[in-house]
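*Asks:* Quick one: sequence and predicted model below, then my questions.
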Amino acid sequence: MLVQIPVTAIVLALGLALLVTPLVKKYAFKVGALDRPDQRKVHQRVMPRLGGLAIYVSFIAAVLLTMDITLQVCGLLVGGTLIIILGFFDDTRGLSPRLKLAGQIIAAAAVIPFGLEVNSLTNPFSNEMPILLGYLSIPVTVLWIVSVTNAVNLIDGLDGLAGGTSFISALTLAGVVWIETTTSGVFPGQSEAVALALILVASIVGFLRYNFYPAKIFLGDSGSMYLGFSLASLSIMGMAKSATFISVIIPVVILGIPLLDTVFAIVRRYCGRRPIFQPDKEHLHHRLIQMGLSHRQAVLSIYGVNVVLGLSAIVLTLISPKQAVIFLVILSTVILMAANKIGVAGTGGQAPIVPQPNKQQRS
């Protein structure tokens, strides 16, 4: 069984995103979904957010009009709808971190009855004997989805950053699952995961036309949470049935930038005895600008790292497990050294601070 490229769905999602985003921009002004500049933020003027609504509408419409709605696809749509509603209220009214977290947990749990669940983990010592999670499957699934949702949400600090990162991650995910299907056969959900990931890619590309620097509209929490939620769910759909231990690591590599930035933020705030949920300006994109990069250069630099991680994920699917372990050790060492050098790891590294003129700020 071969995976079919959903050309019609891709074209439809791209076209809808290009058409719907300007309408969502006007709607954001109407309902007061506006992002106002403050000391922590980079942009200097009031900007409409709620851009995630455009991606959601484009993706949902393309899926409903062109794909068979299986149980897992239905779960993705239901969970995505819940997360976009949560993001809508956060973008228009503002929600407390605890309330947002509760909503994310509900949305993540909602996909489980539809078969989107991590039931087992592959055993690194025996691919023939997977580790069954049993009662732990639900908390593990919820933890993964909520973690990725918040990780993408946290990196949404520069024009086009979260959208571009999600674009590269979704494209890589489609490529990795495609390779898995040709080497191991198609498992239930894998062909759907490829199609859905490519439709998501098209929706993001259409939105990035208006979101890349200088942005005309922001993703908002609705968009960054929706993208994170979708990527996490698609990784479960596409990779959970794979038989190799490395397949457990691949989604982490694909989503390396947002996940690592989140981990470093937690470590940084813990070591500094600050609340975990307290925002700061020490994320990767902030540090790159403080080092002297322009807004565009910082975003493109992170895109480049994402591409490298994406290619690394593809390499992991093509080499032996022993080679993959060595590759992962080298990759992890390089990442930790770079993070410490830039100053995002909270382990003592400090990047040089260069004052930036306003024209390089998010606007």
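*Replies:* Looks like it arrived, so ask away.
*Asks:* which intervals of the stretch 101-250 of the chain have sub-threshold pLDDT?
*Replies:* By pLDDT under 70, the low-scoring segments of the stretch 101-250 of the chain are 120-131, 183-189, 240-248.
*Asks:* For it, just list every one of the strands.
*Replies:* When assigned using DSSP state E, counting those that start in this stretch, the strands of the stretch 101-250 of the chain occupy the ranges 120-123, 126-132.
*Asks:* Name the residue closest to the centre of the chain, please.
*Replies:* The residue lying closest to the centre of the chain (CA atoms, centre = their mean) is Gly228, at 3.8 Å.
*Asks:* List the contacts of Leu234.
*Replies:* The neighbours of Leu234, taking CB atoms under 8 Å, 6 or more residues apart in numbering as the test, are 76, 170, 173, 193, 196-197, 200. Where C-beta positions appear, they are placed from N, C-alpha and C, glycine not excepted.
*Asks:* switch to 7 Å and redo it
*Replies:* Under the criterion of CB atoms under 7 Å, 6 or more residues apart in numbering, the neighbours of Leu234 are 173, 193, 196-197.
*Asks:* which among those residues gets closest to Leu86?
*Replies:* Each of these was scored against Leu86 by CB to CB, and Leu196 proved nearest at 20.7 Å.
*Asks:* ok, how many other residues are close to that closest one?
*Replies:* The local packing count at Leu196 equals 29, with neighbours defined by other CB atoms under 10 Å.
*Asks:* Distance of Val177 relative to Leu196?
*Replies:* Taking CB to CB, to the nearest Å as the measure, Val177 and Leu196 are separated by 10 Å.
*Asks:* again, but for Lys26
*Replies:* Lys26 sits 29 Å away from Leu196, taking CB to CB as the criterion.
*Asks:* ok so, going back, check the gap between the residue nearest to the centre of the chain and Gly79 for me.
*Replies:* According to CB to CB, Gly228 and Gly79 sit 12 Å apart.
*Asks:* go on, Val194?
*Replies:* Distance, Val194 to Gly79, by CB to CB: 19 Å.
*Asks:* And Arg287, by the same measure?
*Replies:* Distance of Arg287 to Gly79, computed by CB to CB: 33 Å.
*Asks:* just the helices in the stretch 201-350 of the chain please.
*Replies:* Secondary structure of the stretch 201-350 of the chain (DSSP state H, counting those that start in this stretch): helices located at 220-239, 246-254, 256-271, 284-290, 295-318, 321-342.
*Asks:* Turn those into TSV, columns for distance to Asn119.
*Replies:* Converted to TSV, the helices of the stretch 201-350 of the chain look like this (distance: least, CB to CB, whole Å):
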stretch	distance to Asn119
helix 220-239	10
helix 246-254	13
helix 256-271	22
helix 284-290	34
helix 295-318	21
helix 321-342	22
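*Asks:* Which of those sits closest to Glu117?
*Replies:* With distances scored as CB to CB, the stretch of the helices of the stretch 201-350 of the chain nearest to Glu117 is helix 220-239 (7.2 Å).
*Asks:* and the residue nearest to the residue nearest to the centre of the chain when sequence neighbours are not counted, what does it touch?
*Replies:* Excluding the flanking residues, the one nearest Gly228 by CB to CB, 6 or more residues apart in numbering is Val152, at 3.2 Å. Taking CB under 7 Å, 6+ apart as the contact definition, Val152 lies against 162, 166, 224, 227-228, 231, 258.
*Asks:* how about a cut-off of 6 Å?
*Replies:* Taking CB atoms under 6 Å, 6 or more residues apart in numbering as the definition of contact, the neighbours of Val152 are 162, 224, 227-228, 258.
*Asks:* What about the residues you listed, which one has the most neighbours?
*Replies:* Neighbour counts for these peak at Leu227, which has 34 neighbours (criterion: other CB under 10 Å).
*Asks:* Distance-wise, check that one relative to Ser169.
*Replies:* Distance of Leu227 to Ser169, given as CB to CB: 9 Å.
*Asks:* Leu143 now?
*Replies:* With distances defined as CB to CB, the gap from Leu143 to Ser169 amounts to 19 Å.
*Asks:* One more: Ala107?
*Replies:* Between Ala107 and Ser169 the distance is 19 Å, computed by CB to CB.
*Asks:* So which of those two has more stuff around it?
*Replies:* With other CB under 10 Å as the criterion, Ala107 and Ser169 differ in neighbour count, and Ser169 comes out ahead with 32 against 27.
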